[in-house]
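Novice: got a sequence here, can you model it:
(chains A and B)
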Amino acid sequence: MTADAPFDIASGEWRPKRGRAKLVQLIVKIICGAFAGISIVTTIGIVLTLIFEAIAFLQEVPLSQFLTDTKWTPLFASKQFGIFVLVSATIMISVISILVALPLGLLSAICLSEYATPKVRRILKPILEILAGVPTVVYGYFALLTVTPFLKTFLPGLQGFNALSAGLVLGVMITPMVASLSEDALYSVPRSLKDGAYALGATKRETVTSVILPAALSGIVSSLILAVSRAIGETMIVTLAAGANPTLGFNPFVPVMTMTAYIVQVTAGDAPHGTIAYKTIFAVGMTLFLLTLALNVFSFWFVRRFREKYD
Amino acid sequence: MMDSRISSRPTPSDFKKSEFKSNLSTRYALDRAFEIAAWAATGIAVAILAWLLLTILIDGLSTLNWNFVTSYPSRKPERAGVVAALVGTAWLMTLVAAFTFPVGVGAAIYLEEFSSDNWFTRLVEINIGNLAGVPSIIYGLLGLAVFVRVFEPITGGRSVLSGSLTLSLLILPVIIVATREALRAVPNSLRLAGYALGATRWQVVWSHVLPQAMPGILTGVILALSRAIGETAPLIAVGAAVFISFTPEGLQSQFTAMPIQIYNWVSRPQEEFHHIAASGIIVLMSMLLFMNAIAIYLRNRFQKEG
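Specialist: Now for the predicted structure:
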């Protein structure tokens, strides 16, 4: 009887029986800790998978060939493995996309944070969020079947698959990301700085361009870098609209093949384990992973190094 | 122009030579141009969204009917439908939700409620940040190498289970981040009151913090799922089949999904297939819209209570 009572009746001493509750807590804590560890396991899994298969690839194809060949034809009889063919297409499309996303995204951010009234802001922000939430395969449809025919009316030399419309639509896709991250940066510039500029007689544009933008520069640059990294890793738009024709060079009017498009081309067909085609996608994936990782780390470092603090 | 004048200190001779000209009319004209440019940029973004939605509606509405929703894919576009893809997507979403909800919420509870600031926590946090920046196709390669090849006896290779495990890893960071924010929004006084009554940390979390944070957590989970539903590339990499005339019968069954089906139809040369691709997009976007509506509803209810 007394064993069930929370306190000892004879002495009147309170004895909380928390042994079981503490045991449950320990078990839950271990399980939750293991769940948190899954993120580390995922990273290790990605890195190991890529390294393992990329090494298998490099045993068949020397690194020098991978870096210096000027053609990418691993699926043909005469195999060549010039990764720069794919990298050049990826870079060209990313550059086109950032040329769209930088002005559109940054000006929208300025519009939202400086010019729009709170009411208009409440309408515009969800619209930009919808733009960010459209599945990429839908953008691919749009680029291939709407934008390319539209551009053809101005540019008769444009081919059915081309880097230009893929890059333009990719730019639209990453615009909301640039806009919302840049807006956060603009928004966190303290009011006193703006007031100071106005007190000196600056107009609104002068305040924005020579006080607010420099103060928010680190956030804006990091948003751009993250957007570029997103553009490099984007797959469906370039697969559908840019074509599957590995060509070295920077002509935006002809079909090209990006790294991501190559991975899709091989995996969409059946690539049996152990073939050279199977190994190439991991070598390409490794290149892609290193490229985006470098950009993400750079963006992280840039913010830490150049952030202006006004607390 | 202004900057150089501010940075170099004016000498007395400067004042004698020139008098200050505020030049207001030119500056205001530039101001107006700048404001117009800012509004134009926003307007262009909105206009493109409208253009995109209108194109799809115009292209797809004519071929969207009940037959389309209930038919299997066919070589003849007028008889093709999305039922295999719809059911496949439903399977994927159910499995992804079943995997990511407990794991994501558990991980967030660990990081937010249980752990102190130690090396493990910091490592996990850096990891989550980095994983969010990894392209989705890379997750597809991971799924191909690990779930499809290594765990083939369990997953059955190119199966709906492999696909959903891959998507789960992809959206797990999103769910963890959203859940942490929801947990952080629960006032600390609630926890302190629980501890004062002698409850353990877990008891407080289970009986008070979690119920309070649940609408926020659900919002995050639904938004993450609505990202997973449109993901195409990782599913292609793990081998979702493009031409399947049956619905999945079990976890190890082959499958297709809405975005895969749309991708397949868009990449065909015949124009008829492009129309049914647009119809498929309308179905997919309606599902997305529905999920987002639920998320917004939950968010609003949450904000009213909090």
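Novice: residues in contact with residue A:141?
Specialist: A:240, B:56, B:262, B:266, B:274, B:277-278, B:281 (Cβ atoms under 8 Å, 6 or more residues apart in numbering or on different chains). To be clear about C-beta, it is placed using only N, CA and C from the backbone, and glycine gets the same treatment.
Novice: now these: which count as buried?
Specialist: Buried members of the contacts of residue A:141, scored by 16 or more other Cβ atoms under 10 Å in any protein chain shown, are A:240, B:56, B:262, B:266, B:274, B:277-278, B:281.
Novice: between those residues, which is nearest residue A:195?
Specialist: Ranked by distance to residue A:195 (Cβ to Cβ), the buried ones among the contacts of residue A:141 are led by residue B:56 at 46.4 Å.
Novice: quick check: the spatially most central residue of chain B vs residue B:221, distance?
Specialist: The centroid of chain B falls nearest to residue B:227 when counting by Cα atoms, centre = their mean (2.9 Å). From residue B:227 over to residue B:221 the distance is 11 Å, taken as Cβ to Cβ, to the nearest Å.
Novice: so, low pLDDT: which residues of the stretch 151-300 of chain B?
Specialist: Within the stretch 151-300 of chain B, the set of residues satisfying pLDDT under 70 comprises B:242.
Novice: chain A contacts on that one?
Specialist: Contact residues, the stretch 151-300 of chain B versus chain A (Cβ under 8 Å from any Cβ of the partner chain): B:169, B:172-173, B:176, B:198-203, B:226-227, B:229-233, B:236-239, B:242, B:259, B:262-263, B:266-267, B:274, B:277-278, B:281, B:284-285, B:288, B:292.
Novice: pull the number of nearby residues for the closest residue to residue A:240 other than its chain neighbours.
Specialist: Leaving out its chain neighbours, the residue that sits closest to residue A:240 by Cβ to Cβ, 6 or more residues apart in numbering or on different chains is residue A:140, at 3.3 Å. Residue A:140: 30 surrounding residues under other Cβ atoms under 10 Å in any protein chain shown.
Novice: residue of the stretch 201-306 of chain B closest to chain A, please.
Specialist: residue B:230 (2.7 Å; Cβ to the nearest Cβ).
Novice: near chain B, which residues of the stretch 201-311 of chain A show up?
Specialist: The stretch 201-311 of chain A has residues A:201-206, A:208-210, A:226, A:229-230, A:232-236, A:239-240, A:260, A:263-264, A:267-268, A:270, A:273, A:281-282, A:285, A:288-289, A:292-293, A:295-296, A:300 near chain B, with proximity defined as Cβ under 8 Å from any Cβ.
Novice: from these, which land in helices?
Specialist: In this view, those that belong to helices under DSSP state H are A:204-206, A:226, A:229-230, A:232-233, A:236, A:239-240, A:260, A:263-264, A:267-268, A:281-282, A:285, A:288-289, A:292-293, A:295-296, A:300.
Novice: which among the residues of the stretch 201-311 of chain A next to chain B count as buried?
Specialist: By 16+ other Cβ under 10 Å, those give A:202-206, A:208, A:226, A:229-230, A:232-236, A:239-240, A:260, A:263-264, A:267-268, A:281-282, A:285, A:288-289, A:292-293, A:295-296, A:300 as buried.
Novice: still on that earlier bit, what's the closest non-adjacent residue to the residue nearest to the centre of chain B?
Specialist: Residue B:227 sits nearest to residue B:171 (Cβ to Cβ, 6+ apart), 6.0 Å away.
Novice: beyond the one helix or strand the one you found maps to, next helix or strand please.
Specialist: Secondary structure from DSSP states H and E places residue B:171 in helix B:160-184. Sequence-wise, the next helix or strand downstream of helix B:160-184 (DSSP H and E) is helix B:188-196.
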